[in-house]
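Participant: Show me the folded form of this:
(chains A and B)
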2 protein chains.
Amino acid sequence: MSLDPVLSRIDTDLTEATDRLKALLRIPSISTDPAYKADCDAAADWLVADLASIGVEASKRPTPGHPMVVGHVDGPGPHVLFYGHYDVQPVDPLELWDRDPFDPQVEDTAKGKVIRGRGSSDDKGQLMTFVEACRAWKAVNGALPCKITFLFEGEEESGSPSLVPFLKDNADELKADVALICDTGLFDSRVPAITTTLRGLLGEEVTITGPSKDLHSGMYGGPAMNPIRVLSRIIAGLHDDTGRVTVPGFYDGVPELSPEIAAQWEALGFDHAAFLGDVGLGTPAGEQGRSALEMIWSRPTCEANGIKGGYTGDGFKTVLPSKASAKISFRLVGQQDPHAIRESFRGWVEEQLPPDCTADFQGHGASPASTMSITHPAFEAAREALSDEWPDPAAYIGSGGSIPIAGYFQDILQMDAMLIGFGKDDDAIHSPNEKYDLESFHKGTRSWARILNAIAKV
Amino acid sequence: MSLDPVLSRIDTDLTEATDRLKALLRIPSISTDPAYKADCDAAADWLVADLASIGVEASKRPTPGHPMVVGHVDGPGPHVLFYGHYDVQPVDPLELWDRDPFDPQVEDTAKGKVIRGRGSSDDKGQLMTFVEACRAWKAVNGALPCKITFLFEGEEESGSPSLVPFLKDNADELKADVALICDTGLFDSRVPAITTTLRGLLGEEVTITGPSKDLHSGMYGGPAMNPIRVLSRIIAGLHDDTGRVTVPGFYDGVPELSPEIAAQWEALGFDHAAFLGDVGLGTPAGEQGRSALEMIWSRPTCEANGIKGGYTGDGFKTVLPSKASAKISFRLVGQQDPHAIRESFRGWVEEQLPPDCTADFQGHGASPASTMSITHPAFEAAREALSDEWPDPAAYIGSGGSIPIAGYFQDILQMDAMLIGFGKDDDAIHSPNEKYDLESFHKGTRSWARILNAIAKV
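Facilitator: As a prediction, this is how the structure comes out:
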């Protein structure tokens, strides 16, 4: 089986491939909001049908939440498991979108053509690069160069509650030689990357209750404790003046960067000013004495992702609310234990409560950081294949994001994962006006064709 | 003209009076939300028609916001101006209501019958006590005992933006010997009250902007400043550890309570434990060393009335938001200058902004505190009339709330106002399940009949 006709086929099929992606993007599969349950199901159905169209034996597999899509196709080379997720983030604030987030279109921009729409980069556009590479292989050569198992999840954006049980229940079926995960980015537009370290993620929702009901601030303002004030004090106290997180024991298990890795990252010439400048910032806000790249790839952080309390509509209401709540997440590195940090955080909040106030906690995801071993020869084969496609050689990098599945593949299926993706920093994932560069989609598809070709030979 | 038949008429007409109030309560006249503009207009129309039905020459008077209702009826005694407001507070959180807030009903409770619904106590039920007293006078005696001007506002719950211009433009028409305002409460269920001091109110909405767009906390958590953290620090810093407000100059013009007033308030035997216990609290949270009654009636306060930022829907979203905002209000006393405090607050916030963050401010109402002179003989006449209706003698008291119109009547129309109302602390005004005791409505109506009778003779 030969590679060049596959690459040519990808080039000539780009318009049709884009149309297929747009069809998937039109399905509003927001997993965190129960109102979109049927849409998540529809996205899974769409993928089953699309995989079937290229000869993959695929099916929708029920879970207590949104379904998984699993597919199998035989081939001569090593067995790879490809993972992507078909669910997307919510779209609010909707008023900041320049178009309907679920009416995707190719737009011309100053930086080139982009596919605009929720999920275009995270992760529908990315997962379709792999599917399109397989489609081209199949069309040109009548078969695929490797044995491939496909696993598409529908709960990645809502903490993956069904994932671990599903992996455990289907370990024999899903285990492969190496996993391929397409949910990360390029280092920059010239340098492709294989991500080998991922931060963990702990999510906590805390609700402070003061008075037993909403009060009139004219009548009770003063004597009654205001839960917004209590919650604000807690959030304000999460970081000290040097930007370090104050939760007791938080830094247990956080390693310092090795000089080798530090030197390698330094050599990448990361443009810190442009990274911050792209989003209107000029001063790194995290731990003093750490570079932005170090903060993102190797340091743990804590952020309030949402806060609400009292009257938040138009106009003014002099209410003294009964409750205020916040969603708080921690990004974890090294050996930090998410469960220990959850307990420590809850105790730390409880200790700060004034009289008459209570705190209720709702736990969201809790996954440790993960580090890939790159000893499997597929890693180096993939890195060379990527280097053939892009202007500059591929790099092994870290990621500030959390892709817990890489750790689950290690723990449950005993295989390392190659995290390869084609997203860019300005894709606005999780934000209004999310886009995926048409170049990412096109060269990403070509990259996977090359990687499959290379892995088939290891 | 004699009083007793009027009181009897009020007793026999109670069911019909309650039905009329329910009709007014069914109109969702939420002034702060533009979606209810037509409903505010409908409530004004309803009042014009109801006043006309008792011989008052009434009309709806346009303003840049919601209309005023003005009515006139001649009579032999002194000229009084009666004020109430027909607009109501928003109803959220709607899920905490036990019934549709705009489907009012009389309910039996352990403490007696109540009229349940938004606006039942604040202020539609209260203003209708006066209208019903006039209706009974008119029905029994064919005329009213005083010359009366009615002024019903539709923007009291949204900062009264049109009120001052309207009073200035119509000062000749509206000026009377004394004003009657029905928007306050009983001291307790035995002791009626005339409120003579009112706190002022300053409303500020502050929006903190950090990054130029919402970010992924995996990618930017750490290096990017989070506006929720900045806003939390500001709110946390509004009070020091003794409960005092930290905005520079905030206590300028705050008088200490005179020993006489302090002794009079002490004699009222206010049940601090019950006041807090009613709303699930046990420890006064305001300035150390001050009693709850002192805090409410004579001390300035600051409260966050609402806060929002980031993702606040179901589930979890690891967004690092671009903006976070809060609605903050200050209750003012004595000679505190709301405009000076607004400027000081804004400067104080600006000084605390870290690099890359900006603050935008939207001013809401700004009214100073007011104190009534009680030298007009109508005050003592009314106090005696109230004492005749209720078990214990009426008291002159303070109020923690802000009713700026009392100050406007002093400044623009050169008349003092008698603030007399029949609300109770447990009416849940501005909260879910607002109610008005049927006894408040009934004895309130009887109280006004007695007060009109007494004022006619001064």
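
Participant: Is there proximity between the helix or strand of chain A with the lowest mean pLDDT and chain B?
Facilitator: Within chain A, no helix or strand scores below helix A:259-267, which has a mean of 82 by mean pLDDT, DSSP states H and E. No: between helix A:259-267 and chain B, judged by CB under 8 Å from any CB of the partner chain, nothing touches; the nearest distance is 14.4 Å. C-beta here means a position set from N, CA and C on the backbone, and glycine is covered the same way.

Participant: likewise stretch A:24-43?
Facilitator: Yes: applying CB under 8 Å from any CB, one finds stretch A:24-43 touching chain B at A:32-34.

Participant: got these as a markdown table, with secondary structure, neighbour count and pLDDT columns?
Facilitator: Output for the residues of stretch A:24-43 next to chain B, formatted as a markdown table (DSSP: H, G, I helix; E, B strand; the rest coil; neighbours: other CB atoms under 10 Å in any protein chain shown; pLDDT from 0 to 100):
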| residue | secondary structure | neighbour count | pLDDT |
| --- | --- | --- | --- |
| A:T32 | coil | 20 | 92 |
| A:D33 | coil | 19 | 93 |
| A:P34 | helix | 11 | 94 |
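
Participant: quick check, nearest of these to A:I374?
Facilitator: A:T32 (33.0 Å; CB to CB).

Participant: Tell me who's in contact with the closest residue to the closest one other than its chain neighbours.
Facilitator: The spatially closest residue to A:T32, leaving aside those adjacent along the chain, is B:G315, at 3.2 Å (CB to CB, 6 or more residues apart in numbering or on different chains). Counting by CB atoms under 8 Å, 6 or more residues apart in numbering or on different chains, B:G315 touches A:32-33, A:158-159, A:364.

Participant: Please convert the residues of stretch A:24-43 next to chain B to a markdown table, extending it with distance to B:A381.
Facilitator: Below are the residues of stretch A:24-43 next to chain B laid out as a markdown table (distance: CB to CB, whole Å):
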| residue | distance to B:A381 |
| --- | --- |
| A:T32 | 64 |
| A:D33 | 62 |
| A:P34 | 62 |
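
Participant: Quick one: residues in contact with stretch A:102-115.
Facilitator: In contact with stretch A:102-115 (CB under 8 Å, 6+ apart) are residues A:18, A:21-22, A:25-28, A:91, A:99, A:116-118, A:120, A:125, A:426, A:435-439, A:441.

Participant: could you point out which element follows the helix or strand containing A:W137?
Facilitator: In this assignment (DSSP states H and E), A:W137 forms part of helix A:124-141. The helix or strand immediately downstream of helix A:124-141 is strand A:147-153, counting by DSSP H and E.

Participant: relative to helix A:124-141, how tilted is that following strand?
Facilitator: 160 degrees (axes from the mean of the first three to the mean of the last three CA atoms, to 10 degrees).

Participant: Just name whatever secondary elements whichever helix or strand comes after strand A:147-153 is in contact with.
Facilitator: Remark: after strand A:147-153, the chain's next helix or strand is helix A:163-169, criterion DSSP H and E. In terms of contacts (3 or more CB pairs under 8 Å, 6 or more residues apart in numbering or on different chains; DSSP states H and E), helix A:163-169 is packed against helix A:404-413.

Participant: same for whatever helix or strand comes next after the helix it packs on, what does it pack against?
Facilitator: Reading on from helix A:404-413 to the C-terminus, the next helix or strand found by DSSP H and E is strand A:417-420. With contacts defined as 3+ CB pairs under 8 Å, 6+ apart, the packing partners of strand A:417-420 are strand A:178-181, strand A:193-198, helix A:377-389, helix A:404-413.

Participant: which stretch among the ones you listed comes nearest chain B?
Facilitator: Distance to chain B, taken as CB to the nearest CB, is lowest for strand A:193-198 among these, at 9.0 Å.

Participant: For A:A456, give me its contacts.
Facilitator: When contacts are taken as CB under 8 Å, 6+ apart, A:A456 is in contact with A:1, A:75-78, A:145-146.

Participant: Setting aside sequence neighbours, what's the nearest residue to it?
Facilitator: Once flanking residues are discounted, A:A456 sits nearest to A:G77: 3.3 Å by CB to CB, 6+ apart.

Participant: where does that neighbour fall, helix, sheet strand or coil?
Facilitator: coil (DSSP: H, G, I helix; E, B strand; the rest coil).

Participant: Tell me how many other residues crowd it.
Facilitator: Applying other CB atoms under 10 Å in any protein chain shown, we find 20 residues neighbouring A:G77.

Participant: Is chain B within reach of the helix holding A:W137?
Facilitator: No: contact of helix A:124-141 with chain B (CB under 8 Å from any CB) is absent, the minimum separation being 14.3 Å.

Participant: Could you list every helix and strand that that helix packs against?
Facilitator: helix A:4-12, helix A:14-25, strand A:79-85, strand A:147-153, helix A:438-455.

Participant: now the angle from it to helix A:4-12?
Facilitator: 130 degrees.

Participant: Return the distance of helix A:124-141 from the chain's centre.
Facilitator: 21 Å (CA atoms, centre = their mean, to the nearest Å).

Participant: got the buried residues for it?
Facilitator: Residues of helix A:124-141 classed as buried: A:124-138, A:140 (neighbour count, 16 or more other CB atoms under 10 Å in any protein chain shown).

Participant: Please apply the same query to stretch A:262-280.
Facilitator: Here stretch A:262-280 shows A:265, A:270, A:275-276, A:278-279 as buried, counting by 16+ other CB under 10 Å.

Participant: What mean pLDDT does the helix or strand harbouring A:D172 get?
Facilitator: Per DSSP H and E, A:D172 falls inside helix A:171-174. Mean pLDDT, helix A:171-174: 97.

Participant: Show me what it packs onto, helices and strands only.
Facilitator: Against helix A:171-174 (3+ CB pairs under 8 Å, 6+ apart) you get strand A:147-153, helix A:404-413.

Participant: Show me the least confident stretch of those, going by mean pLDDT.
Facilitator: helix A:404-413 (a mean of 92).

Participant: Packing partners of that helix?
Facilitator: strand A:79-85, helix A:163-169, helix A:171-174, strand A:178-181, strand A:200-209, strand A:358-367, strand A:370-371, strand A:417-420.

Participant: how does it look with 7 Å?
Facilitator: Helices and strands touching helix A:404-413, by 3 or more CB pairs under 7 Å, 6 or more residues apart in numbering or on different chains; DSSP states H and E, are helix A:163-169, helix A:171-174, strand A:178-181, strand A:370-371, strand A:417-420.
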